[in-house]
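Asks: Sequence and predicted structure below; questions after.
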Amino acid sequence: MHEMSLLRDLMRKIDRVAAEHGSRRVRAVRLRLGALAHISPDHLREHFRWAAAGGIAEGAALTIEVSSDVDEPGAQSILLESVEVED
């Protein structure tokens, strides 16, 4: 399934950010969902919960900003905007 692949990649990025800050816990994640990403925010949220289960982002607050600009460079992407980690 395409969504699982995207979420595994996203979790690797989140893990890398946390490791760079010496943290083993992620408090919040902010994503930008491109206008042509072919996944709804609710569906993305479900997949995020599944992908984060048992990892450092389990239970993290998830904010999803949805773009309506079909001409922006990331229109088909799920972009990691920010990661908030515990100290």
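Replies: Structure's in. What do you need?

Asks: end to end, how far does stretch 71-87 reach?
Replies: Distance across stretch 71-87, first residue to last, is 38 Å (Cα to Cα, to the nearest Å).

Asks: For that stretch, what does the pLDDT average out to?
Replies: On average, the pLDDT along stretch 71-87 is 94.

Asks: Next, the residues that contact it from outside, please.
Replies: The contact list for stretch 71-87, computed with Cβ atoms under 8 Å, 6 or more residues apart in numbering, reads 6, 10, 13-14, 17-18, 21, 23-39, 44, 60, 65, 67, 69. Every residue, glycine included, has its C-beta placed from N, CA and C.

Asks: Contact partners for Thr63?
Replies: By Cβ under 8 Å, 6+ apart, the residues touching Thr63 are Ala28, Val29, Arg30, Leu31.

Asks: Relative to the host helix or strand of it, what are the paired strands and their orientations?
Replies: Here Thr63 sits within strand 61-66, counting by DSSP states H and E. Applying DSSP bridges, strand 61-66 is found paired with strand 26-33 (parallel).

Asks: Next, the buried residues of the partner strand.
Replies: Residues of strand 26-33 classed as buried by neighbour count (16 or more other Cβ atoms under 10 Å): Val26, Val29, Leu31, Arg32, Leu33.

Asks: Can you dump the C-alpha atoms of that strand in CSV for me?
Replies: Listed in CSV are the C-alpha atoms of strand 26-33, where the atom choice follows Å, rounded to 0.1, in the frame of the first residue of the first chain:
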residue,chain,number,x,y,z
VAL,A,26,8.2,13.3,20.1
ARG,A,27,5.5,15.6,21.5
ALA,A,28,4.1,17.1,18.2
VAL,A,29,4.3,16.8,14.5
ARG,A,30,3.1,19.3,11.9
LEU,A,31,2.5,18.2,8.3
ARG,A,32,1.5,19.9,5.1
LEU,A,33,-0.7,17.9,2.9
